[in-house]
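Participant: dropping a prediction and its sequence here:
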Amino acid sequence: MRKYILFLICAALLASCGSKRQLAGSATGNIPGMGKGAGVADVVRMVNANRVSEPSLSAKISLSIGTSNNSARVGGSLKMKRDDVIQISLVALGLMEVGRLELTPDYMMVVDRMNRQYVKCGYSEVDFFRQSGIDFYTFQSLFWDELFVLEGKGEVPADDNFQLKMEEGEIRLVNAGNRNIALTFVVDAANLLVGETSFAGNGTDSPVLKWKYEEWSKLGEQLFPGAMKISFRLPKDDVEAVFRISSVKPDATWETRTEVNRNRYTEISPQAAFRRIMSLAL
């Protein structure tokens, strides 16, 4: 299963379906840490103010992924340059790279070193991504732990993109402006950072995808999560991937693009990769 961890992460959002749902929410409320009468504009302003300002970083990661029947753990690295690239490298036994995920504004690529195969495609080549407006900037905001709207192209979202909804003491910002899916951001009242982002379709009580953040630590003047827990559904099982992130530092001294030797590697289609995921993992 280890060889297909990155394919699973790329496929996570494909499970979502349906049309947008309208979620009602209050405009103001007694918001923890902000006082009575604070509104959606106050929450959005404070969360946006806490966005990481460092333009690039590198970190060590430990990634575990599991279902009810399978589990795997592998080390590696996470490297990001804002508006340019996200790279995840997976290393077995601390010695050999077994896989790499590279996301840029123009393409997403998964390289399977073990089987000498790779997938490289534009986001519009995946039907659901194209229909829902999911692109590089969606993944960028998820990995940087920040508010966003689909098709927002990395711009800092305004307060009129969200509704404020209080549930059991939680601060929730809801964006249902996309025709296919609704985004819900649970804001951590202790630090006014995004503690969870979830994706749901029309009439879905429970989200198809949840991306949770924990254990923040200093990166420059802001905080960056030390753990990201990604849970999603595939037809036969639930999947949870957990990134443990350490040694986070500003870093721009790495190659931003991966070259694949086409004489040694075979390119396969996204559809073939996702079919393999379904048959292998679950």
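Facilitator: Structure's in. What do you need? Numbering: from 1, shown residues only.
Participant: contacts, neighbours, all on C-alpha from now
Facilitator: Noted.
Participant: helix or strand for the residue lying closest to Ser71 once chain neighbours are set aside, just tell me which one.
Facilitator: Leaving aside its sequence neighbours, Ser71 sits nearest to Ile65 (CA to CA, 6 or more residues apart in numbering; 5.6 Å). Element membership for Ile65, per DSSP states H and E: strand 56-66.
Participant: give me the mean pLDDT for the next helix or strand after that strand.
Facilitator: Under the assignment DSSP H and E, the closest C-terminal helix or strand after strand 56-66 is strand 71-81. Taken as a whole, strand 71-81 has a mean pLDDT of 92.
Participant: strand partners (parallel or antiparallel) of strand 71-81?
Facilitator: Note on strand 71-81: by DSSP bridges, its sheet partners are strand 56-66 (antiparallel), strand 85-92 (antiparallel).
Participant: quick one: those strands as JSON lines, columns for mean pLDDT too.
Facilitator: Rendered in JSON lines, the data for these read as follows (pLDDT from 0 to 100):
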{"stretch": "strand 56-66", "mean pLDDT": "93"}
{"stretch": "strand 85-92", "mean pLDDT": "93"}
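Participant: looking at those, which is closest to Gly169?
Facilitator: strand 56-66 (30.4 Å; CA to CA).
Participant: all helices for the chain, in order.
Facilitator: Along the chain, the segments classed as helices by DSSP state H run 5-11, 40-49, 127-132, 136-144, 270-281.
Participant: who touches the nearest residue to Lys60 once chain neighbours are set aside in this structure?
Facilitator: Leaving out its chain neighbours, the residue that sits closest to Lys60 by CA to CA, 6+ apart is Ser77, at 4.4 Å. The neighbours of Ser77, taking CA atoms under 8 Å, 6 or more residues apart in numbering as the test, are 58-61, 87-90.
Participant: related to what we said a few turns ago, mind checking how far the strand holding Ile65 is from the chain centre?
Facilitator: For strand 56-66, the separation from the chain centroid amounts to 12 Å (computed by CA atoms, centre = their mean, to the nearest Å).
Participant: could you list the buried residues of that strand?
Facilitator: 56-66 (16 or more other CA atoms under 10 Å).
Participant: output these in CSV; the columns should cover distance to Val111.
Facilitator: Shown next, in CSV, are these (distance: CA to CA, whole Å):
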residue, distance to Val111
Ser56, 22
Leu57, 22
Ser58, 19
Ala59, 20
Lys60, 19
Ile61, 18
Ser62, 18
Leu63, 17
Ser64, 18
Ile65, 18
Gly66, 21
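Participant: what about Thr104, neighbour count?
Facilitator: Neighbours of Thr104 under the rule other CA atoms under 10 Å: 24.
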